[in-house]
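1. I need the structure of the sequence given here:
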Amino acid sequence: MRVAVIGGGPGGLYFAALAKQLSPRWDITVWERNAPDDTFGFGVVFSDETLDGIAQADPEIFDAMSNDFARWSDIDVRYKGQVLTSGGHGFAALGRKRLLQILQERCAALDVDVRYRTQAPQVEELSSQYDLVVAGDGVRSATRAAYADTFRPDLDERNCRYMWLGTDKVFEAFNFIVAEGDFGTLQVHAYPYDGTRSTFIVEIDEASWRRAGFDKFAARDHPAGTSDEDSIRLCEDILAEPLDGHRLIPNNSKWIRFTTVRNKTWQHGNVVLLGDAAHTAHFSIGSGTKLAMEDSLALAACLHEHPDVPTALAAYEAERKPVVESTQRAAQASLEWFENVGRYTGQQPHQFAFNLLTRSRRVTYDNLRVRDEEFTAAVGRSHVADDSSGVARPGDANVPPMFRPFCLGGLRLRNRVVVPPTALFTARDGVPGDFELVHLSTQALGGSGLVFAGMTAVSPDARATTGCPGLYTGEQKAAWRRITDFVHRQTETCLGIQLTHAGRRGATHTPRPDGSSVPLDAGAWPLVAASPLAWDERSAVPREATRQDMDVITRDFVAAAQRAHNAGFDALELQYGHGHLMSSFISPLTNRRTDPYGGSLAGRLRFPLEVLRAVRAVWPAGKALVVRISAADWAEGGTTEADAVNIARVLAEAGADAVDVSTGEVVAHQQPRYGRSYQTPYADLIRNATGVPTIAVGAISTYDDVNSIILAGRAELCAVGRAQLHDPLWTLHAAAAQGYVGPAAPWPPSWKAGSGRPPGARTDRIPPRLQLLRQATAPVHQRWLAPIEAAAAPTAR
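-> The predicted structure is shown next:
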């Protein structure tokens, strides 16, 4: 088979070497436009997982790389004059130039035809003359552009500016450096890669970049191959302390923006994309070279395993794409964290460091405890010491964050876990029955600090379905009182109730198994909304709310709140999201009014604020008042991040004790990006931009994620929904799994015998000793100390 490889970077060379080993008779040609000793960039970082793959695939390449690795396990976070160190991470790096030399030598030994200083022929020509064309031609791939209609690339250019540099300061660990000044915040990602050099990536948001004056330097002419020396000198001045007298080393270094590359498919006929041509992931979570070499291994293996090129390419994409997409999700979270790093510079050093380390959600509280228990314990002590709620106790530093108390307004919660409002659709004529009693009682006995009853209508016409409960009659109040009395007799768990008016989402049948709803027969009850816009093509058009309607609805909310208090609820939540009536006023997609209740955000908030203030006036100060919002509509032209921040701020000013931060369900044509804890970034945004307490909700299912969210300061409370439907004793089981026994997670006396994990199969087996000599435990903290001969060698500027 004849194979053409466009691009002689690490990905292209590694693929050529592996493919030639597996199929020595293949004719493989690599085109590389640069000379063999030309290189851009400095060091390359590898994970242990990737290195294991390289060691298995080509021991000669692995051995050559290992001889030149800089290895360490520590991460240093330099922030507000302190250096906080977390160990146990494990890194290996070497110079990009040395990596290319190793791969070039391996290709030469295997008789791969590598043509340096040679531009590859047009991809159409190669495709017609070769059986396979592997395009590793980088982030600005000409191959991808030539077949854009097939690949359908999505190129997401981000806002921050960054510059690749090196330095003759040899760091001993991975360093995250945060520098603050009058201009704003600047961060550095730095790591050693040999005995004389470190990679030094400077990153800064656009506004800070301009305030610092970098824009003036960048506007000057910098021909290809030259660097922005004036910007580099300014970086040296700003970062003089961590550089400690050392200089920055340029290599074609200019300010650029990071582009996240995604493609709908990676193959076109016999042409396949590899590395940056197919995908990119922000440098803050790893190396693009690492991803490209993983691609190369997978592609070579699939070509060897399958009988023809089309089948092999399909297998390669099916195998590799999910891995890359997972990496890109983590990278996106990390990228966005650094884009908004100024949001967190009010945090104390230990919390900031923990927040930084867990930013991508791949590293978590439990994960860090395993890596470096001393660091995690120090973060816990700092979290308790900095608690401003007045309920933390000194002993709480040894308690998992989710089991530390919190004051929600005037209501003390014994832990940070919330059962969010759940629509059960089992009420009759708005009256909750036995199922609501069993559901809420079981959830309360399950150990959470706060349990909400869900989607309770403030009037008959406010219901979403005929199965929704209400709080608009004395019979309903009495039924709720039966439930709260039982719960309060059995447990100290606080009970809350969500009040709502469904608006244009009302008058539907109970949802089908797939979650879709069908409208009731016309005229079941009248619908009202901010504007006369139907929910979807099957739904009735609501009437536009009049001033008289608003007065009636306000009185309904007030009356329902008073009944909730009399029914014994400890907390109240107002549903201002998910397309219900208040949400229809707030979102610009659903409020088309031209009167004072539409238009600007202030106008759209006018009626929801009137209702909130009226409810706050009758709701006791010692009980919590929460408002749920949709912080994003997941549709073009909807609520922005800036809107969400302002919405939360004015809700708090009007009397909300916290904001329950959800997203979506505002319009039927939404396109949400679901994923693990996918809504938490919005709770994080609001909390750190406003100081308003938030409840994070949405695909939070593990106690590890809850602990991470709380300790990083992304939210004060976490609502765990579906996981607690799956396991109503989720909170108690989380306590048992973490070895926590205490007042934040008490087992009901009748269930005490089940508080320990029951024995499973073979748990009674005690394994024998099978090692003559025990392996030494790796130290938590490993630093890279440059070899003496390297440190003594002269270095060139």
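
2. Distance check, residue 350 against residue 719.
-> 26 Å (C-beta to C-beta, to the nearest Å). From N, CA and C alone the C-beta is placed, and that goes for glycine too.

3. Same check on residue 571?
-> Residue 571 sits 12 Å away from residue 719, going by C-beta to C-beta.

4. Distance check, residue 245 against residue 80.
-> Distance, residue 245 to residue 80, by C-beta to C-beta: 22 Å.

5. more neighbours, those two?
-> Using other C-beta atoms under 10 Å as the criterion, residue 245 and residue 80 rank with residue 80 on top: 12 against 7.

6. Find the nearest non-adjacent residue to that one, please.
-> Excluding the flanking residues, the one nearest residue 80 by C-beta to C-beta, 6 or more residues apart in numbering is residue 349, at 5.6 Å.

7. Run a quick neighbour tally on the one you found.
-> Look at residue 349: counted by other C-beta under 10 Å, it has 19 neighbours.

8. so what's residue 156 up against?
-> Contact analysis of residue 156 by C-beta atoms under 8 Å, 6 or more residues apart in numbering lists 259, 260, 261, 262.

9. Just confirm it is within a strand.
-> Yes. With DSSP: H, G, I helix; E, B strand; the rest coil as the criterion, residue 156 is located in a strand.

10. On the three-state scheme, residue 563 is what?
-> helix.

11. whoops, residue 731 was the one
-> helix.

12. Might you report the residue contacts of it?
-> Here residue 731 is in contact with 415, 417, 446, 447, 448, 720, 724, 745 (C-beta under 8 Å, 6+ apart).

13. let's see it at 10 Å
-> Residues in contact with residue 731 (C-beta atoms under 10 Å, 6 or more residues apart in numbering) are 402-403, 415-419, 443, 445-449, 493, 703, 706, 720, 723-724, 744-745.

14. Report the contact partners of the residue nearest to it when sequence neighbours are not counted.
-> Nearest residue to residue 731, sequence neighbours excluded (C-beta to C-beta, 6+ apart): residue 447, at 3.4 Å. Each residue near residue 447 by C-beta under 10 Å, 6+ apart is listed here: 403, 414-415, 417, 419, 491, 493, 724, 728-736, 744-748.

15. Next, residue 447: phi, psi?
-> phi 110, psi -10 (degrees, to the nearest 10).

16. List just the nearest of the contacts of residue 156 to residue 134.
-> residue 261 (16.6 Å; C-beta to C-beta).

17. so how far is residue 546 from the closest one?
-> 52 Å.

18. Compare these two and say which is more crowded by neighbours.
-> residue 261 (23 against 11).

19. Contacts only, for the residue nearest to residue 113 when sequence neighbours are not counted.
-> Using C-beta to C-beta, 6+ apart and skipping the chain neighbours, the partner closest in space to residue 113 is residue 29 (4.5 Å). Contact analysis of residue 29 by C-beta under 10 Å, 6+ apart lists 2-6, 16, 112-115, 118, 120, 126, 130.

20. Please apply the same query to residue 116.
-> With C-beta under 10 Å, 6+ apart, residue 116 has these contacts: 8, 30, 31, 32, 33, 34, 35, 36, 37, 38, 104.

21. Backbone dihedrals for the fourth one, please?
-> Reported as degrees, to the nearest 10, the phi and psi values for residue 32 are phi -130, psi 120.

22. Just the pLDDT at it, thanks.
-> Residue 32 is assigned 96 on the pLDDT scale.

23. Please identify the helix or strand for the residue positioned nearest the centre of the chain.
-> By C-alpha atoms, centre = their mean, the chain has its centre lying nearest to residue 333, at 4.1 Å. Applying DSSP states H and E as the criterion places residue 333 in helix 309-339.
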